[in-house]
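A.B. asks: heads up, no residue letters with this:
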C-alpha cells in the first residue's frame, strides 16, 4: 500500500459528476498541504486544486474554478476532489500529492499517488 492512494476515477458523461478520494498516510496527512494534479495524454502534468494543511485555504486552476471542490477529512486522513459539470477536456489521469505548501507547482510536492483515470465522454 502506498502512502497516497487515489480512487474514484471512472467513465462519466459530459455534464456529470465524480468524487475522487486520496487516502494519505497519517504522518503525511497531519503535516502536509495537499494538491490534485492531472495529466492528459501528450500533455504536461498540470495543477488542478490544492488545500492548506489546516484546510482553511483552497486554490483552484482557472479551468476548474466553480466546478471542482477540494476538501480534507482529518478523521479519515483523506483528501477529496468533488468534480461537477465535467467536460471532455477534464479527461486525464488525476494525481494526489502532498507538499509543505499548497502550491500550484508540481515540483513543490514531495509525495505522489499512483493516479486514477477520469474519462469524460460525449
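C.D. replies: Good, I have the coordinates. Since we're looking at a predicted model, the values are computed, not measured. Numbering: from 1, shown residues only.

A.B. asks: all helices of the protein, in order?
C.D. replies: With DSSP state H as the criterion, the chain has helices at 26-29.

A.B. asks: distance of the spatially most central residue of the chain relative to residue 50?
C.D. replies: A centroid search over the chain (CA atoms, centre = their mean) returns residue 36, at 2.6 Å, as the residue closest to the centre. The spacing between residue 36 and residue 50, counted by CB to CB, to the nearest Å, is 7 Å. In short, each C-beta sits where N, CA and C put it, glycine included.

A.B. asks: which residues does the residue nearest to the centre of the chain bridge with?
C.D. replies: On DSSP bridges, the residues paired with residue 36 through beta bridges are residue 49, residue 96.

A.B. asks: which residues touch it?
C.D. replies: Each residue near residue 36 by CB atoms under 8 Å, 6 or more residues apart in numbering is listed here: 20, 22, 48-50, 70, 79, 81, 94-97.

A.B. asks: in stretch 115-122, what counts as buried?
C.D. replies: Applying a neighbour-count criterion of 16 or more other CB atoms under 10 Å, the buried positions in stretch 115-122 are 115-116, 118, 120.

A.B. asks: any idea of the mean pLDDT in that stretch?
C.D. replies: Along stretch 115-122, the predicted confidence averages to a pLDDT of 97.

A.B. asks: quick one: that stretch to chain centroid distance?
C.D. replies: In terms of CA atoms, centre = their mean, to the nearest Å, the centre of stretch 115-122 is set 13 Å apart from its chain centre.

A.B. asks: and what of stretch 84-94?
C.D. replies: 12 Å.

A.B. asks: buried residues in it?
C.D. replies: 86, 90-94.

A.B. asks: try stretch 23-42
C.D. replies: When burial is assessed from 16+ other CB under 10 Å, stretch 23-42 yields the following buried residues: 23-25, 28-29, 32-38.

A.B. asks: and the buried residues of stretch 84-94, which is closest to residue 55?
C.D. replies: Distance from residue 55 was checked for each of the buried residues of stretch 84-94 by CB to CB. The minimum falls on residue 94, at 19.7 Å.

A.B. asks: per-residue pLDDT, the closest one?
C.D. replies: Among the per-residue scores, residue 94 holds a pLDDT of 98.
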